[in-house]
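# here you go, sequence then predicted model.
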Amino acid sequence: MRISRFLSVAVAALGLSFTSPASANEQLRLCVFDIIGSSGDVFNLMRDYRTAALGEGVDFRMRAFTDENIAYEELTGGQCDVAAITGIRGRQLNSYTGSLDSIGAIPNYDALRMVVQVLSSENPRITPNLRNGPYEVIGIAPMGAAYLFVKDQSINNVNALAGKSIAVMEYDVAQGRMASRVGMSPVMSDITNFSGRFNNHSVDICFAPMAAYSALELYRGMGPDGGIVDYTLGQLTVQLIARHDKLPEGFAAWSRKYMFENLYDRAQAVVDNAYNDVSDDRWIRVSEDDTMRYDEMMREARIDLTEQGVYNREMMSLLRNIRCRLDGSRSECSENLE
């Protein structure tokens, strides 16, 4: 007792404190953004994650949030120890993984899977980038490619976008700047109201993954004349972001590996299934020439946004390398601009 009391007094006198990870009896708070709530696919995946984490000695108390901003604020305010939020929102906490959602940087699901596999591999050159300040990214899963949903199929090329209004996420600088770049009028929105604005025709266009077609009833905004432009503008992800001082030693590495090996493909299956809700006549096909033009336009925008500090330069380099590994014929592979 005297030794213990002496150490306590000494620590206090030196102005030191020890922050210990959760004990075996302490529950950590896992906050999950799922626009459907506790019956949604993301929350269900996290239920299985919670069960697996028990085997690692970590017990999570889960809460569902249908408003992502509240989940984000609960994490940054210390009310959540771990939060499952979108990579776009998480960019404010980690620009490296937050840049996965960058415009046109991951053209297909094969490329996304390779990227997440690399990020989950505990490569000593990669892993330090997953921690920023008090936060660490401890898992990534796909939410689906994002497309332009339009109310009129005549909006089928870049020239037709000029003068049209589009709902963009107010916390994603890139969306607003890209919209303005092609002559659209960005309308600041968030994940709780962008679909309502499209569905009630307050805006002409919105940017969303395929799951939103049914879950958020975007077919209402499309009406009989609308469609979906068949060009991948970006890959959306859900990211587990933790206050790393709350986690036991080694848990973050286990979590990243578990998410990739056990939950990634299940999340991708949910994404793939969402395409079944869309009939073929809803797609606005893009010609090969236009696709090449858009690829170049997206690359120029990414370079510009990286120079402005919106996107993370190291992630941009990694994504370029993966694009070129999968398709060495891309014109960008002979240059080194990203």
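Nice, I can see it.

# identify the residues contacting the residue nearest to residue 316 when sequence neighbours are not counted.
Nearest residue to residue 316 in three dimensions, chain neighbours excluded: residue 338, at 4.5 Å (Cβ to Cβ, 6 or more residues apart in numbering). No exception for glycine: its C-beta is placed from N, CA and C like everyone else's. Contacts for residue 338 were tallied using Cβ atoms under 8 Å, 6 or more residues apart in numbering; they are 299, 302-303, 306, 316-317, 319-320, 332.

# most neighbours, which of the residues you listed?
Greatest neighbour count in the contacts of residue 338, by other Cβ atoms under 10 Å, goes to residue 319: 26 neighbours.

# which residues does that one contact?
Applying Cβ under 8 Å, 6+ apart, we find residue 319 in contact with 99-100, 102, 105-106, 111, 115, 338.

# over to residue 92?
Neighbour list for residue 92: 72, 98, 171 [criterion: Cβ under 8 Å, 6+ apart].

# does it sit in a helix, a strand or a coil?
coil (DSSP: H, G, I helix; E, B strand; the rest coil).

# count of neighbours near residue 80?
27.

# that one: what's it in contact with?
The contact partners of residue 80, taken as Cβ under 8 Å, 6+ apart, are 29-31, 63, 71, 74.

# on that earlier part again, turn the contacts of residue 319 into JSON lines, including distance to residue 131.
Formatted as JSON lines, these follow (distance: Cβ to Cβ, whole Å):
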{"residue": "99", "distance to residue 131": "15"}
{"residue": "100", "distance to residue 131": "16"}
{"residue": "102", "distance to residue 131": "20"}
{"residue": "105", "distance to residue 131": "22"}
{"residue": "106", "distance to residue 131": "22"}
{"residue": "111", "distance to residue 131": "24"}
{"residue": "115", "distance to residue 131": "18"}
{"residue": "338", "distance to residue 131": "23"}
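
# mind listing the helices for the stretch 151-300 of the chain?
Along the stretch 151-300 of the chain, counting by DSSP state H, counting those that start in this stretch, helices occupy 158-161, 173-181, 194-199, 212-215, 218-222, 251-258, 264-274, 288-307.

# out of those helices, flag the one nearest residue 88.
helix 173-181 (8.3 Å; Cβ to Cβ).

# in that closest one, what counts as buried?
By neighbour count on 16 or more other Cβ atoms under 10 Å, the buried set for helix 173-181 is 173-179.

# would you list those in JSON lines and tack on distance to residue 230 and pLDDT?
Formatted as JSON lines, these follow (distance: Cβ to Cβ, whole Å; pLDDT from 0 to 100):
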{"residue": "173", "distance to residue 230": "26", "pLDDT": "87"}
{"residue": "174", "distance to residue 230": "21", "pLDDT": "89"}
{"residue": "175", "distance to residue 230": "19", "pLDDT": "90"}
{"residue": "176", "distance to residue 230": "24", "pLDDT": "89"}
{"residue": "177", "distance to residue 230": "23", "pLDDT": "88"}
{"residue": "178", "distance to residue 230": "18", "pLDDT": "88"}
{"residue": "179", "distance to residue 230": "19", "pLDDT": "90"}
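
# farthest pair in those residues?
Pairwise distances among the buried residues of helix 173-181 were taken by Cβ to Cβ; the largest, 11.0 Å, belongs to 173 and 179.

# pretty sure residue 256 is touching residue 138, no?
Yes: if you go by Cβ atoms under 8 Å, residue 256 and residue 138 touch, sitting 5.8 Å apart.

# intersection of neighbour lists for these two?
Shared contacts of residue 256 and residue 138, defined by Cβ under 8 Å, 6+ apart, are found at residue 130.

# many thanks, I have nothing further to ask.
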